[in-house]
Each structure stands twice: as C-alpha cells, then as structure tokens.
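Visitor: can you look at this prediction? I've put the sequence above it.
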Amino acid sequence: IESQRTKESPEELFNSYVSRGVEAALSDIRQQFEYSKNEKENLPFHNTFHTKDVVRRTELILTAIHRVEPQLVTARDIKIGALGAAYHDIVQKWEEAKTKEGEFTKVMRKRFAGDNERASHKMAIAFMEDANRRGGEEIFSDDDKKAMQAGIEATIPGFDAEKGTVIQPNLTEQSSVITRAIAMADLGTAGMDGRDRFLEEDDALFREENLDILDAVKDPDAISAAQKEYFKKRMLGWSRFQPKFAEGRMARLRLELKSLPGGARREVANLFSK
C-alpha cells in the first residue's frame, strides 16, 4: 500500500519555502564569497556573517512593530522580510579602481552599487517563482515579489556629506514597513549591536575595500617602511571616520522612523539604543 504524504497547509508550505530560500541564499553567499578559489572573491565583510546579522535585525524590527501594531505587520510580513534580507547581498560584482598617490598606487574594490542590488532582487524573485512552480500553487504573491524588490533596492547606498554617513536614497517616507526594516537592518550594526560588533565590521569592510593592503598583509615582512606609513595613514583615516558615521546614523534615526505610528516608532527606537 502506497503511503500518502500529508498535504501541507498554505501557511506551512509558505514557511517551508521561506526557510529553504534563506538557506539557499546563505549557501550561495558562502560558496561565492567565503570558499571561492579566487582569493579576491572571498569577502571579509559581505559574507554570511553580515547576511545573518541583517536577517536577525530585520526580524527583530518587524517583530517589535508587530507586537504593538499587529495591523501593520503580520507573521507573513516578518517571513518576507527575512527572505529579502537573506538575498539582499547575494550579487557582489566589482572592479579594481586604481589611484596614483605619490610613489604608491592605491587599489580599491569598487562595487557596482545599484546594479548589484537590482540583480540580487531578481535572484530572490526567481526563487519565489520557482517555489510557485514546484509547489503547484501561488506560495508567493505578486505583492510578495514587489515587497522583495522594494526592500532589497532600498539597501542601495548613497552618502550624506553633511552628516558624514551612508544613507539609502530609495528609503522614503512612503516606503513600506518591510522595506524600512530591511534597509535599517542593513546599516543597523552600531545602533542595534553596539560598539564591539560595529568595530569588527568596520575593520572587515576596510580589508574588503582596500585591495592593496589586503594583499600586502599576506606577507608582512615584504612591506617597506614607507609602505607601512602609507598604509597606517589610510587605516587611521578610516578609523577616525567611524565615530562620525555612527553619529550620522543616529542623527537620521528620527527621520527614518518618522512614518511609523508612535508605539511602533518607540519600539524600534529602543532597538537602536546602542
């Protein structure tokens, strides 16, 4: 007698595919950016550690809002937010950018900001469409796909020269709660996780972006005294910038929470207390 598999409910099927999507995204990021045969593709910052942190922070933000404003955020919204966070950095295309500085040539990693995020959201939507085909029903709706696109594209970075910090131009007062959660989670380390984690990430991002230094420190004995001074100047310049970056993010918090109702605004602000 052939045993029949118990049919999953729509909610169970949805939750199952979200879990699969998160794991698939992490596996892809791990293979591309942690275990690549090309050493330059192994990224100190844009890896599974950052992605897991963004997933966690997105869930915390949405859960906090759901607790006080359940009509704004459903359990399904929290899952969609987690899936978007998992895919937000799955594409990391870049090129070398060289600048002559005296006797040295600075080599930086120039990310294709904007293009990467758009390609990332397309991969997320491709997963959702494949899930619908495999499941034989609409597991992810068109609204889910729109939320995915908006959330991931909101992480496209810009820069506020006045406040000296990274901003997200696609995050506006009209952005959905899911979009807001993913975007804020992406830049939320200083506010949500505190100083030590913030400094660890800053160091990792410095190594990722400064290709010449990343390459040179593999053989410290070969670094000349002049190079050491040149590298030290850049490292100290980066370090001195970090407090202003964090202060700028703190200054923008009220603006980025402005469109939320009072109770939800307070709950999220409390998460950014570090």
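Guide: Noted; the coordinates are in hand. Residues are numbered from 1 along each chain as shown.
Visitor: okay, CA-based contacts and neighbour counts for the rest of this
Guide: Fine.
Visitor: now R249, nearest residue through space, not along the chain?
Guide: T165 (6.5 Å; CA to CA, 6 or more residues apart in numbering).
Visitor: for stretch 62-72, which positions count as buried?
Guide: Residues of stretch 62-72 classed as buried by neighbour count (16 or more other CA atoms under 10 Å): L62, T63, A64, I65, H66, V68, E69, L72.
Visitor: could you do stretch 49-65 as well?
Guide: Buried residues in stretch 49-65, counted by 16+ other CA under 10 Å: 50-55, 57-65.
Visitor: show me how far the longest helix along the chain is from its chain's centre.
Guide: Identified as the longest helix of the chain according to DSSP state H is helix 225-257. Chain-centre distance of helix 225-257: 19 Å, with CA atoms, centre = their mean, to the nearest Å.
Visitor: check which helices and strands it sits against.
Guide: strand 165-167, helix 195-209, helix 262-271 (3 or more CA pairs under 8 Å, 6 or more residues apart in numbering; DSSP states H and E).
Visitor: which stretch among those is buried most, on average?
Guide: Highest mean neighbour count of these: strand 165-167, a mean of 20 (counted as mean count of other CA atoms under 10 Å).
Visitor: what pLDDT is listed against E23?
Guide: The model reports E23 with a pLDDT of 98.
Visitor: in which helix or strand does it reside?
Guide: Here E23 sits within helix 10-33, counting by DSSP states H and E.
Visitor: report the buried residues of that helix.
Guide: Within helix 10-33, the residues that count as buried by 16+ other CA under 10 Å are 13-15, 17-18, 21-22, 25-26, 28-30, 32-33.
Visitor: swap in stretch 180-200?
Guide: Result for stretch 180-200 [16+ other CA under 10 Å]: buried residues 180-193, 198-199.
Visitor: out of those residues, which comes closest to F127?
Guide: Set against F127, the nearest of these by CA to CA is I182 (18.3 Å).
Visitor: mind checking the SS state of K106?
Guide: Three-state assignment for K106 (DSSP: H, G, I helix; E, B strand; the rest coil): strand.
Visitor: for the closest residue to it other than its chain neighbours, give me its contacts.
Guide: Setting aside the residues directly before and after it, K106 is nearest to T99 in space (CA to CA, 6+ apart), at 5.1 Å. Counting by CA atoms under 8 Å, 6 or more residues apart in numbering, T99 touches T105, K106, V107.
Visitor: can you redo those residues as TSV with pLDDT and neighbour count?
Guide: Output for these, formatted as TSV (pLDDT from 0 to 100; neighbours: other CA atoms under 10 Å):
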residue	pLDDT	neighbour count
T105	97	12
K106	98	19
V107	98	19
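Visitor: how about CSV for the residues you listed, with distance to L255 added?
Guide: Below are the contacts of T99 laid out as CSV (distance: CA to CA, whole Å):
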residue, distance to L255
T105, 40
K106, 36
V107, 36
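Visitor: hey, where'd the strands end up in the stretch 51-200 of the chain?
Guide: 94-101, 104-111, 158-160, 165-167 (DSSP state E, counting those that start in this stretch).
Visitor: what angle sits between the second one and helix 225-257?
Guide: For strand 104-111 and helix 225-257, the angle between their directions (axes from the mean of the first three to the mean of the last three CA atoms, to 10 degrees) works out to 30 degrees.
Visitor: got a list of contacts for strand 104-111?
Guide: With CA under 8 Å, 6+ apart as the test, strand 104-111 has contacts from 92-100, 208-212.
Visitor: just name the closest of those to G248, please.
Guide: After measuring the contacts of strand 104-111 against G248 - CA to CA - the closest member comes out as E209, at 21.0 Å.
Visitor: ok, what's across the strand from the residue lying closest to that closest one once chain neighbours are set aside?
Guide: Leaving aside its chain neighbours, E209 sits nearest to R109 (4.8 Å; criterion: CA to CA, 6+ apart). Using DSSP bridges, the beta-bridge partners of R109 come out as E96.
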